[in-house]
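*Asks:* Next input, structure requested:
(one chain, ligands or ions: 2)
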Amino acid sequence: MFNTVPNPIPARMKGLNRAEICDVNFQEFVRGWNGRPDAKPADGEAILDGSALDARGFRELFESQLISRHLDLMARVLRVQNKVFYTIGSSGHEGNAMVARLTRHTDPAFLHYRSGGFMAERFRKLPGMDPIMDSALSFAASKEDPASGGRHKVWGSKPLWVLPQTSTIASHLPKAFGTAVAIEQARRIGHALPIPDDSIAICSFGDASSNHATAQTAFNAAAWTAYQKLPAPVLFVCEDNGIGISVKTPDGWVARNFAQRPDLDYFYADGLDLASGYADVQRAVEHCRRTRRPTFLHLRTTRIMGHAGTDFEVEWRSIDELCAVEAADPLLRSAAIALESGLMSRDEVLALYEDTRRKCFVAAEDADRRPRLSTLEEVMAPLAPYTPDAVRAEAERVDHAERRPQVFGGEAKLPERLPPRHLALQINAALHDLFAKYPDALLFGEDVAQKGGVYTVTKGLQRAFGPRRVFNTLLDETIILGLAQGYANMGMLAIPEIQYLAYFHNAGDQIRGEAASLQFFSNGQYRNPMVMRIASLGYQRGFGGHFHNDNSITALRDIPGLVVGCPSRGDDAATMLRTLVALAKVDGRVCAFLEPIALYMAKDLHEPGDGGWLTSYPPPEQAMVLGEERVYEADATDLVVFTFGNGVPMSLRAARRIGQAHGWKVRVVDLRWLVPLNEAAIARHAGECRRILVVDEGRRSAGVGEGIITAIVEAGFGDKPLRRVVGADTFTPLAGAAFLVIPSDDEIVAAANALAG
Ligand SMILES: Cc1ncc(C[n+]2csc(CCOP(=O)(O)OP(=O)(O)O)c2C)c(N)n1
Ligand SMILES: [Mg+2]
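*Replies:* Numbers count the residues shown, from 1 in each chain. Ligands and ions are numbered 1, 2, ... in the order given. Got it, this is the predicted structure:
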């Protein structure tokens with residue numbers, strides 16, 4: 001493309017690494033340029049004949065490109081001095097600055113890690129911001145990094161609506177799609193957006209990433225939406241550099257795969273050439289904003305200086321190939337445009353280049369002198385905010401009393417006036433209450449609408465609150481959780497349903513890597529609160545087999561910051577749901593609400609017909625405190641049983657038998673909150689009782705029971721007689737064999753007998 005370093009490398013370049021070679025290339029290219037410049041264009045004139053880009057625009061984009069490049073070069077130099085801790089760069093991708101220029105700083109952006117150019121350009125949109133210093137602070141992992149507070153090198157900014165992304169490729173596409181849908185849906189439910197109504201969501205990623213299942217599901221969901229003539233203004237920007245780390249994307253594959261997709265409108269732009277690429281980027285952006293249709297911008301880029309600073313391409317790629325790639329460096333093209341157009345002289349280009357370099361190094365050295373995170377408390381501060389008084393006040397707040405009779409079909413039908421009922425009905429009533437209380441609440445998932453869910457838990461909600469607030473999604477858990485993040489990003493209350501716990505695992509990264517991490521990686525500046533309802537756990541009399549009886553709570557237990565609650569009875573479900581919603585509203589928490597399927601319809605406890613598992617509906621001003629356990633027989637001290645979910649009624653039945661057999665008084669503690677575990681309460685009950693039983697229907701390995709026992713041991717009660725009744729490390733079989741793998745009343749009694757013996 002351009003005349004750059006010849007191969008073999010001349011002596012003067014021997015010993016240089018490829019970043020240094022690209023650096024020298026630029027300078028030699030400018031010095032050696034001997035074309036004839038046009039008459040210098042005025043600010044508003046086209047930079048080159050026929051270009052849609054004017055001179056001022058070009059000049060700013062070029063500066064943004066140079067900032068991005070010199071941040072990369074700086075990172076390579078200072079990495080070895082331990083002043084910078086991240087070297088995945090943007091070199092070759094600087095043309096993405098055009099996307100930033102042609103969009104607004106209020107268009108939410110979820111960015112590829114090669115977005116240095118985009119960021120530098122977006123920084124221009126607000127006065128008084130400093131792209132170099134802000135980025136340098138992030139490279140240096142400084143506590144003063146305005147994006148993540150020193151937790152990660154991210155492209156992120158609160159005022160610039162760049163929601164931080166870290167490393168997992170493609171994981172941000174579902175929430176970008178979700179955000180686009182949310183922008184449109186807000187108007188339909190009367191919710192005031194934090195950004196203009198005609199905003200679009202921007203989402204960039206690499207060519208290799210476009211193959212990822214998580215990316216493909218976002219494209220599919222966007223097309224599925226557009227096919228139904230529903231708006232989904234998301235601009236997918238595929239930055240195609242032809243390679244992913246070391247694996248080449250087959251030539252032409254991205255165009256082949258996307259150019260003809262129905263309902264995903266394809267545009268191509270040359271990201272290596274500002275003068276010619278600009279108009280094409282503009283067309284794509286304007287199309288997305290105007291038509292509100294999902295738009296795929298295939299942006300040609302290249303990757304120079306390797307995947308990251310640690311990628312020594314010379315070891316696995318031919319020099320010829322490297323030289324060819326480096327010759328396509330978009331900064332050489334920009335320099336050529338600057339010179340050809342007459343906008344800048346060679347000296348001016350070189351001076352700008354060196355001045356930008358200097359600024360980047362000065363900023364980086366400055367950033368290095370700023371404090372870094374130095375205590376665990378600092379690191380974890382934004383992870384799991386909890387303001388108990390405000391949460392309680394929010395959970396108990398009732399300002400929808402007037403609407404309730406209409407929602408529930410009359411004063412006499414208010415659920416608290418009805419006789420005691422089972423879990424499914426009380427969850428259903430609690431959801432109706434919450435929807436009446438929060439006009440921005442949305443419930444969505446598979447089969448939740450007209451059918452009311454597989455177990456009819458959401459029955460009537462859509463009729464009461466309309467299809468804009470209660471609706472079926474397409475069949476994909478990743479998208480359900482991506483939508484939840486999108487609605488949350490736009491300030492709505494997302495209540496996604498996952499039909500079965502097994503299918504949460506299918507999409508777990510959307511919570512584990514994305515939703516639960518947002519407050520952490522944005523230093524608490526962004527939050528995507530939600531209450532995810534999941535039909536869970538076993539005991540369905542042998543019906544349904546493993547995937548409808550999944551008991552892996554482990555997969556949720558170790559997600560930092562997640563709140564997990566699991567009620568065993570209807571009244572607790574209602575008060576817990578209110579608190580979970582308050583946690584979401586007040587502290588921005590991501591919450592999981594595990595609904596024990598087998599208890600949905602349970603009415604009796606000890607004998608058929610005793611109605612022992614029916615509960616009265618708690619009036620709306622009642623809520624449960626996070627972490628608070630329910631204790632049965634609080635004065636009993638012979639034995640304490642720690643349990644939750646299906647374990648609660650089993651333990652209560654077993655307690656009666658144990659009492660009869662041994663004359664013991666048995667205290668049963670329903671923990672209700674599985675994450676975080678209330679270790680203090682566990683310690684207190686363990687300390688007050690002579691013997692301890694842990695009944696955990698989850699799996700033996702890493703289940704909740706392990707946490708309970710650890711809390712007991714760490715509190716110093718490990719020498720008390722203790723037994724655990726726990727599910728086996730197996731998948732759940734069908735029919736009667738299902739009962740072999742999970743705890744039973746008999747096993748609990750047997751464990752107590754062992755303690756007595
Ligand atoms: C889910 C996931 N798998 C693997 C990786 C490791 N990884 C990081 S970048 C990358 C290649 C991405 O290539 P591409 O999408 O083309 O982006 P580029 O780096 O070329 O800009 C891989 C495999 C990852 N970050 N996330
Ligand atoms: Mg690539």
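*Asks:* Look up the closest residue to the residue most central in space within the chain, ignoring the ones flanking it.
*Replies:* Residue closest to the average C-alpha location in the chain (C-alpha atoms, centre = their mean): residue 514, at 2.1 Å. Ranked by C-beta to C-beta, 6 or more residues apart in numbering and with sequence neighbours excluded, the top spatial neighbour of residue 514 is residue 171, at 5.5 Å. In this view, the C-beta of every residue, glycine as well, is placed from N, C-alpha and C.
*Asks:* how close does the closest residue to residue 51 other than its chain neighbours get to ligand 1?
*Replies:* Nearest non-adjacent residue to residue 51, counting by C-beta to C-beta, 6+ apart: residue 275, 4.2 Å away. From residue 275 over to ligand 1 the distance is 23 Å, taken as C-beta to the nearest ligand atom, to the nearest Å.
*Asks:* cool, residue 523 as well?
*Replies:* 22 Å.
*Asks:* Spatially nearest residue to that residue, not counting backbone neighbours?
*Replies:* In space, and not counting its chain neighbours, residue 523 is closest to residue 149: 3.2 Å by C-beta to C-beta, 6+ apart.
*Asks:* and the strand ranked longest in the chain, which strands flank it?
*Replies:* As assigned by DSSP state E, the longest strand anywhere in the chain is strand 691-699. Its sheet considered, strand 691-699 pairs with strand 639-643 (parallel), strand 722-727 (parallel) by DSSP bridges.
*Asks:* touching ligand 1 at all, stretch 70-79?
*Replies:* No. Using C-beta under 6 Å from any ligand atom, stretch 70-79 stays clear of ligand 1, coming no nearer than 13.0 Å.
*Asks:* Doesn't the residue nearest to residue 523 lie inside a strand?
*Replies:* No. Applying DSSP: H, G, I helix; E, B strand; the rest coil, one finds residue 149 to be coil, outside a strand.
*Asks:* Identify the residues contacting it.
*Replies:* Contact analysis of residue 149 by C-beta atoms under 8 Å, 6 or more residues apart in numbering lists 143, 373, 382, 523, 524.
*Asks:* Quick check: the third one vs ligand 2, distance?
*Replies:* What it means is residue 382. Residue 382 sits at a distance of 31 Å from ligand 2 (criterion: C-beta to the ion, to the nearest Å).
*Asks:* Which helix or strand contains that residue?
*Replies:* Residue 382 belongs to no helix or strand when assigned by DSSP states H and E.
*Asks:* SS state for the nearest residue to it once chain neighbours are set aside?
*Replies:* Of all residues not flanking residue 382 in the chain, residue 524 sits nearest, at 3.5 Å (C-beta to C-beta, 6+ apart). Residue 524 carries the three-state label coil when classified by three-state DSSP.
*Asks:* State the number of residues packed around residue 524.
*Replies:* Residue 524: 17 surrounding residues under other C-beta atoms under 10 Å.
*Asks:* in the stretch 651-757 of the chain, which spans are helices?
*Replies:* When assigned using DSSP state H, counting those that start in this stretch, the helices of the stretch 651-757 of the chain occupy the ranges 679-688, 704-714, 745-756.
*Asks:* and what of the stretch 201-350 of the chain?
*Replies:* According to DSSP H, counting those that start in this stretch, the helices that the stretch 201-350 of the chain contains are 213-227, 253-258, 274-291, 319-327, 330-340, 346-369.
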